[in-house]
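Asker: Below are the sequence and a predicted model for it; my questions follow.
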Amino acid sequence: MKNMKTVFLRAVAFAMIIVMITGIFTAFITPVSAAVSSLNGGTFYIQARGSNLVLDVRNGSRDNGARVWLWYHNRSVAQQWRFRRQLSGSYIIEAVHSGRVMEVRNSSRQNGGIVAQWDNANIATQRWNLRPVGDGYIEIINANSGLALDVTGGRFQQGNYLQQFQRNGTRSQHFRLVPAGGSLAGNNQGGNFRITARTGLNVRQSPNASAAIVTAIPYNTTVHVTEISGNWGRTAFNNRTGWISLDHAVRVNGATTGGGAHNISHSVPHFLQGDARWANVMITTRTIGQVGCLIVSLAMVDSHRLGRNVFPDEMRRHLTFSGNEVNWQPAINRGTVSRGPVAANFNSQAGLQQIHDQLRAGRPVIVGGSNAHGGWHWVVITGYSRPNYVSNFRAQDFSVNDPAGRDANLYRFMRNFPNNSRIVL
């Protein structure tokens with residue numbers, strides 16, 4: 001009888017432990033499930049925090065190895081992801097258009113591991129854990145590496161790839177799941193936008209680059225956008241109503257963080273010196289691939305200004321040189337920049353404020369510096385984003401397009417080229 005009682009008590013204790021474990025596990029996953037409806041087996045857009053960008057399979061490819069990048073929300077099936085919960089509590093994230101699943105290529109456990117689609121092989125690198133971070137956002141953490149899905153370099157621009165990176169609490173690693181067919185958070189909210197295209201911006205009949213032009217808005221004009229669809233905004237100007245490309249406008253009433261600093265992201269193409277299309281183009285005695293970082297930086301800024309790609313080989317034809325050094329006057333005459341480089345201190349709040357002011361005015365910023373061996377390098381600062389808990393400007397919160405493809409933010413650039421800092425206005 002005593003033995004029966006002991007067995008009964010042990011059974012009750014074991015059952016209580018199972019209930020406790022289940023409760024703890026349920027408490028962990030409930031916030032994620034509560035943020036969306038029918039998560040398991042459901043189909044969602046994965047929206048990057050603070051943007052109208054979603055995860056998209058490059059060019060709608062159905063091939064193994066196709067990379068995942070950011071793209072403006074266009075409701076295509078290549079932007080829809082099906083979440084399938086596994087017994088471990090992790091999820092397989094399946095691209096609806098291809099049936100292939102999101103993975104970190106080659107089971108990498110390193111920062112910078114490439115995120116792509118591949119046939120489902122039921123391996124850890126194809127499974128993801130979802131962790132709530134508040135306000136309906138989640139981190140998406142690779143089960144194999146423990147690293148987070150991350151917007152490369154913190155650059156919230158169309159065509160920027162996803163990677164895995166150590167968890168850092170920034171919005172580059174925060175995503176919202178939006179049921180397929182629904183609207184993105186803030187996707188149809190308007191506001192005031194200032195035109196940043198130096199030659200003015202066309203207003204089109206519909207949100208399409210091929211649509212008929214109904215009027216044009218001059219550079220630096222502020223207009224009110226009543227509706228946003230993808231990267232297009234609906235507005236009225238000169239008694240005409242139509243759509244403008246928000247790639248060439250900057251919001252001027254957006255959310256602010258401490259100190260009045262605005263989070264900003266400009267859509268600037270990222271050209272590399274080593275690109276085979278222009279790497280071997282001669283400057284005078286050396287090539288763009290060897291010493292053409294400034295030419296490439298000017299090409300990126302000019303592309304943003306004109307709203308079309310000005311590739312480095314074309315930019316080289318617009319410039320003159322003393323030896324292999326750029327003469328600034330042709331770039332000034334062209335309107336690419338307003339003047340040549342001036343000394344700057346990026347270790348000071350005043351120096352970083354100067355960069356932020358230029359970004360806020362709709363202008364990406366070229367900066368330069370030299371290393372211990374006297375070698376110079378130039379990059380383009382394209383945006384700024386910092387966590388709410390930070391009160392001061394920090395160099396690491398300024399995103400960079402580096403012609404060498406090395407530095408993703410201003411802090412890393414300053415670490416490699418700490419001397420003779422210059423800013424081009």
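Answerer: Arrived safely, thanks for sending.
Asker: Let me see the contact set for Asp407.
Answerer: Contacts of Asp407 were listed using Cβ atoms under 8 Å, 6 or more residues apart in numbering, and they are 379, 400, 413, 416. Where you see a C-beta, it was placed from the backbone N, CA and C, and this is true even at glycine.
Asker: switch to 6 Å and redo it
Answerer: When contacts are counted by Cβ atoms under 6 Å, 6 or more residues apart in numbering, Asp407 touches 400, 413.
Asker: mind checking how far it is from Val400?
Answerer: Using Cβ to Cβ, to the nearest Å, we find Asp407 at a distance of 5 Å from Val400.
Asker: mind showing which ranges of the stretch 1-150 of the chain have poor pLDDT?
Answerer: 1-38, 50, 74 (pLDDT under 70).
Asker: Just the strands from it, written as ranges.
Answerer: Remark: strands assigned in the stretch 1-150 of the chain by DSSP state E, counting those that start in this stretch are 43-48, 53-57, 68-72, 81-85, 91-95, 101-104, 115-118, 128-134, 137-142, 148-151.
Asker: intersection of neighbour lists for Asp407 and Val400?
Answerer: With Cβ under 6 Å, 6+ apart, Asp407 and Val400 have common neighbours Phe413.
Asker: For the residue most central in space within the chain, list the residues it contacts.
Answerer: Nearest to the mean C-alpha position of the chain, counting by Cα atoms, centre = their mean, stands Phe156 at 2.2 Å. Contact analysis of Phe156 by Cβ under 6 Å, 6+ apart lists 51, 53, 265.
Asker: same deal with Ala116?
Answerer: Counting by Cβ under 6 Å, 6+ apart, Ala116 makes contact with 65, 67, 105.
Asker: what sits opposite it in the beta ladder?
Answerer: Arg67, Glu103 (DSSP bridges).
Asker: Quick check: the gap between it and Val77.
Answerer: 18 Å.
Asker: same thing with Asn416?
Answerer: In terms of Cβ to Cβ, Asn416 sits 42 Å off from Val77.
Asker: could you dump the strands of the stretch 1-150 of the chain to TSV with distance to Gln354?
Answerer: Shown next, in TSV, are the strands of the stretch 1-150 of the chain (distance: least, Cβ to Cβ, whole Å):
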stretch	distance to Gln354
strand 43-48	28
strand 53-57	28
strand 68-72	28
strand 81-85	41
strand 91-95	42
strand 101-104	39
strand 115-118	35
strand 128-134	32
strand 137-142	32
strand 148-151	26
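Asker: between these, which one is nearest to Asn345?
Answerer: Nearest of these to Asn345, taken as Cβ to Cβ: strand 148-151 at 28.8 Å.
Asker: List of residues touching the closest one?
Answerer: With contacts defined as Cβ under 6 Å, 6+ apart, strand 148-151 is touched by 48, 139-141, 163, 165, 167, 172-173.
Asker: for it, the distance to its chain's centre please.
Answerer: Relative to the mean C-alpha coordinate of its chain, strand 148-151 is positioned 10 Å out (Cα atoms, centre = their mean, to the nearest Å).
Asker: Please write out the alpha-carbon positions of that strand in PDB.
Answerer: Provided in PDB are the C-alpha atoms of strand 148-151 (Å, rounded to 0.1, in the frame of the first residue of the first chain):
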ATOM      1  CA  ALA A 148      20.100  37.100 -35.800                       C
ATOM      2  CA  LEU A 149      18.600  37.900 -39.200                       C
ATOM      3  CA  ASP A 150      20.100  41.300 -40.000                       C
ATOM      4  CA  VAL A 151      19.800  44.100 -42.600                       C
END
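Asker: Contacts for the next helix or strand along the chain from that strand next, please.
Answerer: Using DSSP states H and E, the helix or strand that follows strand 148-151 towards the C-terminus is strand 162-165. The contact list for strand 162-165 (Cβ under 6 Å, 6+ apart) reads 68, 104, 111-113, 115, 142, 145, 147, 150, 152.
Asker: returning to what we had before: which of Asn416 and Val77 has more residues huddled nearby?
Answerer: Asn416 (16 against 13; other Cβ atoms under 10 Å).
Asker: Quick one, grab the pLDDT at that one.
Answerer: On pLDDT, Asn416 comes in at 94.
Asker: measure it to Arg386 for me?
Answerer: 22 Å.
Asker: now do Trp232
Answerer: 28 Å.
Asker: what does Tyr161 give?
Answerer: When Tyr161 is compared with Arg386 (using Cβ to Cβ), they lie 22 Å apart.
Asker: higher neighbour count, those two?
Answerer: Using other Cβ under 10 Å, the more surrounded residue of Tyr161 and Arg386 is Arg386, with 21 against 17.
Asker: Look at the more buried one and give its secondary structure.
Answerer: coil (DSSP: H, G, I helix; E, B strand; the rest coil).
Asker: how about the nearest residue to it, chain neighbours excluded?
Answerer: Asp397 (4.0 Å; Cβ to Cβ, 6 or more residues apart in numbering).
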